[in-house]
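J.: below are the sequence and a predicted model for it; my questions follow.
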Amino acid sequence: RKEVEQDPGPFNVPEGATVAFNCTYSNSASQSFFWYRQDCRKEPKLLMSVYSSGNEDGRFTAQLNRASQYISLLIRDSKLSDSATYLCVVTPSGGYQKVTFGTGTKLQVIP
Amino acid sequence: NAGVMQNPRHLVRRRGQEARLRCSPMKGHSHVYWYRQLPEEGLKFMVYLQKENIIDESGMPKERFSAEFPKEGPSILRIQQVVRGDSAAYFCASSLVDGSYEQYFGPGTRLTVT
């Protein structure tokens, strides 16, 4: 089983729609979780951290489910500018900061 | 506060040549990570360095690839005797000393081997 798994998509959604992605991880001792966004041929950019209590930033909501070992990202009122690949990132507990990136979920928002 | 800087942004090398990729972390960051991204694929961890130390190089090929992060100056990823399969985008990221796990990425170096 991969350490971090994401549905590659693409998710094609109309403007204004709500879309959600999940990301599963295999190491139950994982400590920290993040969502990054990567535009075509650009560097990944930190979108938001995922806290145990959940995290909301405007139209974006991230949730963590430790029991089922997945994190989710919900985007409300999708904009054309949300079109990108969304990367799930998981870091181990303790020790150094090696992180594992998922392969990403591609989102295409259609006019 | 300047972000992570990488240079060159684009690098073309013939097979058999050496490629040197440089990365300057964000100010105050002493943890550097190198990733490789092949076309249409995800980011693959290569190596994690702190100043003057390689902490984890488990993702780096054993041959032809090396990395360093000297006390002064940028981190360097070096690829000797490049082959076509080395063509990829190489991203560097940095994070804070204090254990923050948030990584900030540079714009990447796109290596093309002809």
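T.: Perfect, I can see it now.
J.: make it CA atoms for all contacts and neighbour counts henceforth
T.: Will do.
J.: neighbours of the closest residue to chain A within chain B, how many?
T.: Residue nearest to chain A within chain B: residue B:42 (4.3 Å; Cα to the nearest Cα). Number of residues near residue B:42 (other Cα atoms under 10 Å in any protein chain shown) recorded here: 17.
J.: now do the contacts for the closest residue to it other than its chain neighbours.
T.: Once flanking residues are discounted, residue B:42 sits nearest to residue A:103: 4.3 Å by Cα to Cα, 6 or more residues apart in numbering or on different chains. Shown in contact with residue A:103 (Cα atoms under 8 Å, 6 or more residues apart in numbering or on different chains): A:5-6, A:8, A:87-88, B:41-43.
J.: could you dump these into JSON lines and include distance to residue A:39?
T.: Converted to JSON lines, the contacts of residue A:103 look like this (distance: Cα to Cα, whole Å):
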{"residue": "A:5", "distance to residue A:39": "19"}
{"residue": "A:6", "distance to residue A:39": "17"}
{"residue": "A:8", "distance to residue A:39": "14"}
{"residue": "A:87", "distance to residue A:39": "11"}
{"residue": "A:88", "distance to residue A:39": "14"}
{"residue": "B:41", "distance to residue A:39": "13"}
{"residue": "B:42", "distance to residue A:39": "12"}
{"residue": "B:43", "distance to residue A:39": "13"}
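J.: report the buried members of these.
T.: Listed as buried from the contacts of residue A:103 are A:5-6, A:8, A:87-88, B:42-43; burial here means 16 or more other Cα atoms under 10 Å in any protein chain shown.
J.: pLDDT below threshold where in the chain?
T.: Using chain A here. Scanning chain A for pLDDT under 70 picks out A:93-98.
J.: chain B was what I was after
T.: In chain B, residues with pLDDT under 70: B:1, B:97-101.
J.: let's see that with 50 instead.
T.: B:99 (pLDDT under 50).
J.: flag every residue of it that's near chain A.
T.: Residues of chain B found near chain A (Cα under 8 Å from any Cα of the partner chain) are B:41-45, B:48, B:56, B:91, B:99, B:101-108.
J.: now residue A:81, what's its secondary structure?
T.: helix (DSSP: H, G, I helix; E, B strand; the rest coil).
J.: one step back: and the residue of chain B closest to chain A, how far is that from residue A:59?
T.: Distance, residue B:42 to residue A:59, by Cα to Cα, to the nearest Å: 25 Å.
J.: just residue A:78 next, same as before
T.: Between residue A:78 and residue A:59 the computed distance is 8 Å (Cα to Cα).
J.: more neighbours: the two, which one.
T.: The residue with more neighbours, out of residue A:78 and residue A:59, is residue A:78; 22 against 12, by other Cα under 10 Å.
J.: the closest residue to that one other than its chain neighbours: what's it in contact with?
T.: With sequence-adjacent residues excluded and distances taken as Cα to Cα, 6+ apart, residue A:78 is closest to residue A:16, at 4.6 Å. Listed by Cα under 8 Å, 6+ apart, the contact set of residue A:16 reads A:76-79.
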